[in-house]
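Peer 1: next input, structure requested:
(2 chains)
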Amino acid sequence: MNRDNRLRIMVLILGLLAILQFFIPHNTGRWINRFLLDWLVILEFFALIAGIVALVRGQLISLRKTQGNARIYPGLFFVGLAIMIVTGLVGPIAEGSLFDTCFRWFLQPLQSTLFSLLAFYMAYAAFRSFRLKSAPATILLLSAVIMLMGRMPLGERVIPNISLFANWIVRVPNVGSTRGLWIGIGLAGIATAMRVIIGIEGPASWRRR
Amino acid sequence: MNGCRTWIKVVLLMLIGSIPLYAQINTADALNDSVMSGIGMDSVFAEVDSIAFADTLPLTAVDNIVAHDSPNDAGGVVELYWTLSRADVLGQGRVSGYQVLRSEASADEFRIIARLGPGTDRFVDTNAPAAVDYKYIIRTLTYSGDFVDSEVSPVVSSSGQWFRPQYIPIIVAIVVIAFLMFITRRLPVMDEIWIFPSIRNLAETVIKPHTEPLVYVPGTGSYSCMATIASITLMEQLIELMREHDNDMEVNVSDPMTFSAATECLENLDHSTAYFISPDKAVFSMAYTHKMLTKPVETAILMGTMDDESLLLTEAGSRAGAFQIAGTDNVSQIPFLLSTCELTLIGEVLFLAGPQLSPDGYRAATLLHDRLKRIAWILLLLGILGAKLGWDWYIRLFETGVR
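Peer 2: Numbers count the residues shown, from 1 in each chain, chains lettered A, B, ... in the order given. I've put the predicted structure just below:
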């Protein structure tokens, strides 16, 4: 039996075990689940090491290739990496520690700033979508106007009963379309999972040989 | 013609989606009418009216205590049900609540294990170790401090079950799908497989001559997400297409496992690289935005699971003037992708893209997916009809208890 077939059999057994634990309410089912998840964590740990090595290598190349102000970014990366590794290894990581301070006073504000941009991006995306450039865009614009009018007290005064129509849009076409999408995604997900488990789909090297 | 077909499908989808909603509303209204006007509530109201001075009712204990092991679990859970004390039903706020007392069957040492409010007629004991026999008493309490104990419940013990019988439909479906998939794998490649226009456009885009590497993002989900696996499969097929046309690819990854898979896929494509950035979605979005705004990018493909960051990523590409193609299984993010990208693979099309572009045998598997969808539609239509016509047996056939 060659290496690929051994791998296929391993994937089949592990895949069947993962499915099986879903049908076993007994503690054995939970044990199988925990066992598989533990192995997943171990694998992810090694994959993370590979990822960090690749990240460092990429930043080193960037540091060597770039000139002037552009070098500040890889430089910042190495400074940040060193600070977090040292503070994490040397000191505690509990609340109030240097590691925690770096996380709470540097990383979290950066994350919040980035996600605060979403509001502006959403408004911009909505503006762009509502241009009357095609039939779907026209439907989108009409629906949006009805929804806006239906949700505003002023809208009800201008067009009586518009809120009923807005509610209908939310409850009927919207729910119908979403359910249709979910059914399709669910079936496609099952088909993909089964293709992996029975060995039709898998690592790139399987089909290359 | 294709556009017309798509529109007919959209209208049909909406109509079909709306039928069960109307069915639910009508059924709920009918149920409400029958309960309110039928013997249920009317008889209770009549009884309440007939009792002028409810406070004079004698304090009666709860009765009909049913205790059984909670089904389909790992053990350790006992469910209790009882009929409320009449003083609670008719006493106009006289009963202050209930206490649940438990003792091992071999002893008579009852201890309070829970306090419940008035009007409560069930309790789930989640701390009943498996294989230990227990008995229960429900104590009815009043605001004036009086109490009365129920009779001792039947002896019960919890145990873990080895199989969830209500999942049989799922098992049958999995076995049938796996069997059919295995069979279709052996079928010759069929040229008549209909390829989604958006997938064909995606393939045409990646084989166009590019002076800059094509940027690919396999979503921001972990490798255990089905959409990420589908995205890696698609990436592999795109790489095969690109190899023949000397285009390069740059893959930006947020998950370490996905990074390993992407690196393996890129082995056969010269001058192409996979970059692991960060599992943190905000950090990944920042780094990706920086790349898009500082490097020239012609085409960006974002396929896979994406959450709130989808708009950040695609907006960055849009500002950089890149031709963007995106796809996700996250329904709430689809409108953002539609508004910022030139081409969007919606829902299941993302999963089908890889197999449909594959030249080898497993392309036939997509045919099965198409057939499965048709079977699902037939079953759904029958379900809608069944709900209207009262085919309870048909509806029970698909009940799994999974919500």
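
Peer 1: going forward, measure contacts and count neighbours with C-alpha atoms only.
Peer 2: OK.

Peer 1: so for stretch B:350-365, mean pLDDT?
Peer 2: Confidence over stretch B:350-365 (mean pLDDT, whole number) is 75.

Peer 1: for stretch A:197-209, same thing?
Peer 2: Computed over stretch A:197-209, the mean pLDDT rounds to 68.

Peer 1: likewise for stretch A:6-19?
Peer 2: 88.

Peer 1: check stretch A:97-113 too.
Peer 2: 87.

Peer 1: C-alpha coordinates for it, CSV please?
Peer 2: What follows is stretch A:97-113 as a C-alpha-only set of coordinates in CSV (Å, rounded to 0.1, in the frame of the first residue of the first chain):
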residue,chain,number,x,y,z
SER,A,97,1.1,42.6,33.4
LEU,A,98,3.3,44.2,30.7
PHE,A,99,2.1,41.6,28.2
ASP,A,100,-1.5,42.5,29.0
THR,A,101,-0.8,46.2,28.9
CYS,A,102,0.8,45.9,25.4
PHE,A,103,-2.3,44.0,24.3
ARG,A,104,-4.8,46.3,25.8
TRP,A,105,-3.2,49.6,25.1
PHE,A,106,-1.7,48.9,21.6
LEU,A,107,-3.5,46.1,19.9
GLN,A,108,-7.0,46.6,21.0
PRO,A,109,-7.2,50.3,20.2
LEU,A,110,-5.8,49.4,16.7
GLN,A,111,-8.5,46.8,16.2
SER,A,112,-11.2,49.2,17.4
THR,A,113,-10.0,51.9,15.1
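
Peer 1: what's it in contact with?
Peer 2: A:Met84, A:Thr87, A:Gly88, A:Gly91, A:Pro92, A:Ile93, A:Ala94, A:Glu95, B:Ala282, B:Val283 (C-alpha atoms under 8 Å, 6 or more residues apart in numbering or on different chains).

Peer 1: so who does the last one touch?
Peer 2: Counting by C-alpha under 8 Å, 6+ apart, B:Val283 touches A:Gln111, B:Ile277.

Peer 1: report the separation between it and B:Asn201.
Peer 2: 31 Å (C-alpha to C-alpha, to the nearest Å).

Peer 1: and the second one, by the same measure?
Peer 2: In this view, A:Thr87 and B:Asn201 are 50 Å apart by C-alpha to C-alpha.

Peer 1: which one of these two is surrounded by more residues?
Peer 2: Legend: neighbour count by other C-alpha atoms under 10 Å in any protein chain shown for A:Thr87 and B:Asn201, higher for A:Thr87 (16 against 12).

Peer 1: doesn't that one lie inside a helix?
Peer 2: Yes - looking at A:Thr87 with DSSP: H, G, I helix; E, B strand; the rest coil, it is inside a helix.

Peer 1: quick one: contacts for it?
Peer 2: Contacts of A:Thr87 (C-alpha under 8 Å, 6+ apart): A:Ile93, A:Leu98, A:Phe99.

Peer 1: can you tell me which of the residues you listed are buried?
Peer 2: In the contacts of A:Thr87, burial by neighbour count holds for A:Leu98, A:Phe99, counting by 16 or more other C-alpha atoms under 10 Å in any protein chain shown.

Peer 1: nearest to chain B among the contacts of A:Thr87?
Peer 2: A:Phe99 (16.7 Å; C-alpha to the nearest C-alpha).

Peer 1: what about the closest one, which helix or strand?
Peer 2: Assigned by DSSP states H and E, A:Phe99 belongs to helix A:98-102.

Peer 1: near chain A, which residues of the stretch 101-250 of chain B?
Peer 2: Neighbours of chain A within the stretch 101-250 of chain B, by C-alpha under 8 Å from any C-alpha of the partner chain: B:160-164, B:167, B:177-178, B:181-182, B:185, B:226-227, B:230, B:233, B:236.

Peer 1: ok, those vs A:Phe120, which is closest?
Peer 2: In terms of C-alpha to C-alpha, no member of those lies closer to A:Phe120 than B:Ala227, at 28.0 Å.

Peer 1: and that closest one, how many neighbours?
Peer 2: Using other C-alpha under 10 Å, B:Ala227 has 30 neighbouring residues.

Peer 1: again, but for the one 3 residues further on
Peer 2: Look at B:Ala230: counted by other C-alpha under 10 Å, it has 27 neighbours.

Peer 1: and it, how far is that from A:Arg8?
Peer 2: Relative to A:Arg8, and taking C-alpha to C-alpha, B:Ala230 is found at 18 Å.

Peer 1: residue contacts, the closest residue to chain A within the stretch 301-403 of chain B?
Peer 2: At 4.7 Å from chain A, B:Glu348 is the closest residue in the stretch 301-403 of chain B, using C-alpha to the nearest C-alpha. For B:Glu348, the contact set (C-alpha under 8 Å, 6+ apart) comprises A:Leu181, A:Gly184, A:Ile185, A:Leu187, A:Ala188, A:Gly189, B:Asp329.

Peer 1: show me where chain A has its helices.
Peer 2: For chain A, applying DSSP state H gives helices covering A:3-23, A:27-65, A:72-90, A:98-102, A:108-129, A:135-151, A:153-158, A:162-169, A:175-197, A:204-208.

Peer 1: avg pLDDT for the third one?
Peer 2: This points to helix A:72-90. On average, helix A:72-90 scores 90.

Peer 1: buried stuff in it?
Peer 2: A:Pro74, A:Met84, A:Thr87, A:Gly88.

Peer 1: quick check: angle from that helix to helix A:27-65?
Peer 2: 140 degrees (axes from the mean of the first three to the mean of the last three C-alpha atoms, to 10 degrees).

Peer 1: so where's chain B uncertain?
Peer 2: B:1-57, B:91-92, B:184-193, B:360-370, B:400-403 (pLDDT under 70).

Peer 1: now do the strands in it.
Peer 2: B:63-69, B:78-83, B:95-104, B:111-116, B:122-125, B:134-142, B:147-149, B:214-217, B:249-253, B:273-276, B:299-303, B:323-328, B:343-346 (DSSP state E).
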